[in-house]
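Engineer: This is the structure alone, sequence omitted:
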């Protein structure tokens, strides 16, 4: 290589031209003056932090990690990665009990699931909410995700022989949400894939992707999960299986946050891992066919979750939904819903969270659709709680529209 | 995924091209590496005095009205530039003495609007100036942030309270015939600047601020919305990283996000911008086009790339991708059959299209014509 | 007594002049400092910003080495807010002779420099940017020093002791009574106003320009200008100074300084006429990158921010009548004994590191002439801002939960940062976002540190020294200058001068992100703002 033939820097922070575009697209800046903003927290701050970690600013915790700054950046600076990695490197304060509980989605799920009706009843009660609000600083206005009585894994295990009969196979990284809260989405995926002649297998014991741990200061635990998941996905890939997902956040974490923030190399599994919408689209593109109900009719407003926008794969969800006869499709303006995983659950973030989502909620009310389509479970909670409109994953809509 | 035309670059040039092709019934996709130079748009299309045929229609249908009148426009540092085709936000005057008395209104604690320089520039032209600073409780929240009292954040607040603010400004007006305001109005709604003009008793002049540009962001948003409404596919935050080329024809494009899902098309348009947008890249040894490795016009010796005076025209800014008469990009001296170059990536290699925004729009439309003509043949 | 009469006039606002004024003022003299441009515009502000341990000179110039280590320790205690206590490494690369290391360490020890041979493995751990192929390493008490800050603090202290300062004021001639210099004629370069000032002793501390100043008085100081080119990389790649353990040569020092790091230098003799217009050549740029990458390989792919050159004021041996001063580097000439011209002293030679000693020597000479017997206290009295050693402690003392900008202010201003704590949001707004400079800090530099132009502000606060090189901060700061001075037109024109000065350092390394930034900046200033 010739000297200075190219230049590089950590998360491309030196490519920042100080153009301020990121600040125009940061949802937090619009509602929280305590947040220094992506430019200051990211590339500007990095130069000072390299001088002395003393320059680390604890207000970086207000970053949603929505990655909208990165999507907007014309220079390719990984602004959100810079911010999250600075938190990992320099924020050595111990996560609060509340944050640890919120972050441990799979552990909580496995505890709560056997007692689902009771847990759901309890978390719905005003008194519980008041206690959580007062002692745990989990906002009382939040609706808790319901836990399902039977896990998706248990359901799919029973289907294993039937699934094995399909000529083509994929593995499914379902994530905590499908397993503990909403197995129906997994079942919908199985229905759609089966209709395409594809059988669905479980991975060899997946773990939570760990995104909530990363954002709640538990990067060591997240790293352990990452190593495990890369190993099990790698094992499936080695068998020639594609691994599909239905959650945009899990997907972004598995593909990009593992190497980017946790330093867990995943190149071997990266190409095998894709959103189910992309997998299905590519099958249809190659000639596979789905048969839709002639009487299906729905007005759908599509919300691109932040992390799907970052992945750049919203196009597959959009094209699939538009393919369904009888669908009236509206693309909602790109706007963060404000929940950002566990962020919006925290009492201190509740007001900001709702303010961030307000323009989106307003647009949904104006469009007045039958259903809002969206590939992210936490967006679903937020939008359903804030607008009363039902929200469905595009896969569930496809399943419903199938003949 | 297959399209009629894939456009690399989602700025003014790429969007103009995309909208025109969608209107002509072609399926297109735009690959946009993040947001673009429209975010630093002054509001005036440099090097254009009238809208080229179709431009006014394309923009009008997107909700962007343009105008031009011979004369001058007032710049943020109190200087004047010749009028150019502009958004309605921009005012034109026959001469730099734009009135008798001007009231310049800014916000307390706002450093990105240069009231003192404006007043100085105007006073030199014989315009008496008075500066007033609004202290709005609605901006208190924003003022707490040391860095974020920026045009776009103020504009978000103004979108909510502009009517009240106009009321406060009205109370400040004495006998002025000119009111100068920063461009922080109408981030989402084009009609706001016009309604402000209607509700104040003197001629309102909106003057630019430090970036980001509020009228620029609005323009970008409206053009993109129009493009998507026409069925175009806008891939935000993606980047063309490589291309499959066979015997002088581009077959498909590889992007950062879609990796092994290639974007195929009959035609490709390179509207990737100049140096800032990385349409052109440089190292100590040469200037190059990164996606296709196209031929780039340039001085061989690095010392010749620059003029030592900052304000002088810089030679490097004239460098660009070489093209044939029909705007086919050249690689190793030969035209690529279905790859066209347009906008700033051309540098000043095609002076007949002008420069800046004029170059972006004119060359985009020329490429569209070329694509449609070739298809007809 | 006339208001234009002083005990001593110092010509030259570099570190030597500022240090001399401080020393004189602390010894009770009424002082005036006159500077043609701004503080630290010559060699003072155009070097590495290296707090030498003296190790570099240990083998060839033991006397300089001893001076350096002595002053090194003094500066750490009196100028804490200007010092970055990083320590340094002298590394031996495979192409170097490892045997030199022994000679080097012995010479260091003889000079009193704490030089410790460490395992290359330890060196790699201490400084991850160091060339991993190194075969030897010596740890020495090198560090970083901010020459602008140091110069400003000396001048401020002189003012606190009653001193007066005239910046942007040129000495146009000397006023003589027979064989005695009694004053200087000056012209303010901003206003054009001419004024005479009188003092029984005048100190020529003009650095390389001291040659010309002496000529105005009709005496000859034989100096020769040696140009040294340096490169600024856009962020710190190293947190320890890295030197080559070999005979001093080109581009063999890499110094971390504030948010950047600097590689240098070259040495080329140039004619006097070029002193004001030195530029860095493409050959020098190539040499600096090539040699720099040998010490820290990452420099080969690190964004470069600027190229700049300074002129060292070297004094030629043949002109020194005593011959004694040359080996020490510091040259103090009493033109009465040397040339029969009373009332003029020239202090020159030396280096940034030994400025305080030079000032002491010059002040001693001034005091002898004025028959004043007062001991020098500059070695033990902290400079304003340096009363506390750690900026972390300073920041936490001033602000309960300091923001990034407040931390940066504490790091730059030391205890003086308390001055900008007003509790008003207005003062906390950022003018320069790359270097975190607030309205309060800029106003402080205007009010307390005599800044009258954007470039003056840059030297005192670091505005425009960061990644964007003045993209936004130039206009914002010009607005504050206009408010302070009332000269709106002048301050607006100053923006173009400032951007020109930034561009001068950018285009010699104008490729990659630097060229992108330049294109963007040009666009903003020309087409958006209408400069």
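Structural biologist: Cool, the structure landed. From a predicted model like this one, the values you see are computed outputs, not experimental measurements.

Engineer: Would you point out which residue of the stretch 51-200 of chain C is nearest chain B?
Structural biologist: Ranked by Cβ to the nearest Cβ, the top residue of the stretch 51-200 of chain C for proximity to chain B is residue C:190, at 17.6 Å. To be clear about C-beta, it is placed using only N, CA and C from the backbone, and glycine gets the same treatment.

Engineer: how much space between that residue and residue A:280?
Structural biologist: Using Cβ to Cβ, to the nearest Å, residue C:190 is found at 72 Å from residue A:280.

Engineer: Which residue of the two possesses the greater neighbour count?
Structural biologist: Counted by other Cβ atoms under 10 Å in any protein chain shown, residue C:190 and residue A:280 do not tie: residue A:280 has more neighbours, with 28 against 14.

Engineer: Now the helix or strand where that one lies: average pLDDT?
Structural biologist: Assigned by DSSP states H and E, residue A:280 belongs to helix A:276-285. The average of the pLDDT scores along helix A:276-285 is 97.

Engineer: Please apply the same query to stretch C:69-79.
Structural biologist: Average pLDDT, stretch C:69-79: 98.

Engineer: residues making contact with that stretch?
Structural biologist: For stretch C:69-79, contacts defined as Cβ atoms under 8 Å, 6 or more residues apart in numbering or on different chains pick out C:51-54, C:82-83, C:85, C:111-113, C:141, C:143, C:145, C:150, C:153, C:353-354, C:356-357, C:378-383, C:386.

Engineer: Now, of the residues you listed, which are buried?
Structural biologist: Burial by neighbour count, 16 or more other Cβ atoms under 10 Å in any protein chain shown: within those this picks out C:51-54, C:82-83, C:111, C:113, C:141, C:143, C:145, C:150, C:153, C:353-354, C:356-357, C:378-379, C:382-383, C:386.

Engineer: Any residues of the stretch 1-150 of chain A in contact with chain B? List them.
Structural biologist: A:2-6, A:17, A:19-21, A:23-25, A:29-30, A:33-37, A:39-40, A:70-76 (Cβ under 8 Å from any Cβ of the partner chain).

Engineer: what about the chain, any weak spots by pLDDT?
Structural biologist: I went with chain A, as the question did not name one. Low-confidence segments of chain A, defined by pLDDT under 70: A:123.

Engineer: looking at chain C here, not the other one
Structural biologist: Applying pLDDT under 70 to chain C flags residues C:1-2, C:316-328.

Engineer: give me the residue from it nearest chain B.
Structural biologist: Relative to chain B, the nearest point of chain C is residue C:530 (2.4 Å; Cβ to the nearest Cβ).

Engineer: Tell me which helix or strand that residue sits in.
Structural biologist: Using DSSP H and E, residue C:530 falls outside every helix and strand.

Engineer: Relative to chain A, how far out is the nearest residue to it once chain neighbours are set aside?
Structural biologist: Leaving aside its chain neighbours, residue C:530 sits nearest to residue B:75 (2.4 Å; criterion: Cβ to Cβ, 6 or more residues apart in numbering or on different chains). Residue B:75 sits at a distance of 19 Å from chain A (criterion: Cβ to the nearest Cβ, to the nearest Å).

Engineer: With residue C:4 instead?
Structural biologist: 45 Å.

Engineer: again, but for residue C:335
Structural biologist: Separation of residue C:335 from chain A (Cβ to the nearest Cβ): 45 Å.

Engineer: Residue 44: how many residues sit nearby?
Structural biologist: As the question left the chain open, I've gone with chain A. Neighbours of residue A:44 using other Cβ under 10 Å come to 29.

Engineer: try again with chain B
Structural biologist: Neighbour count of residue B:44, defined by other Cβ under 10 Å: 27.

Engineer: so it bridges to which residues?
Structural biologist: Under DSSP bridges, the beta-bridge partners of residue B:44 are residue B:86.

Engineer: contacting residues for it?
Structural biologist: B:73, B:81, B:83, B:84, B:85, B:86, B:87, B:90, B:357.

Engineer: so who does residue B:359 touch?
Structural biologist: B:13, B:47, B:343, B:344, B:346, B:350, B:353.

Engineer: these two touch, right, the fifth one and residue B:355?
Structural biologist: No - taking Cβ atoms under 8 Å as the contact criterion, residue B:346 and residue B:355 are not neighbours in contact, 9.7 Å apart.

Engineer: between these two, who's got more neighbours?
Structural biologist: Per other Cβ under 10 Å, whichever of residue B:346 and residue B:355 has more neighbours is residue B:346, with 30 against 19.

Engineer: Contacts only, for the more buried one.
Structural biologist: Contacts of residue B:346 by Cβ under 8 Å, 6+ apart are B:320, B:321, B:323, B:353, B:359, B:363.

Engineer: Report pLDDT for it.
Structural biologist: pLDDT, read off for residue B:346, is 98.
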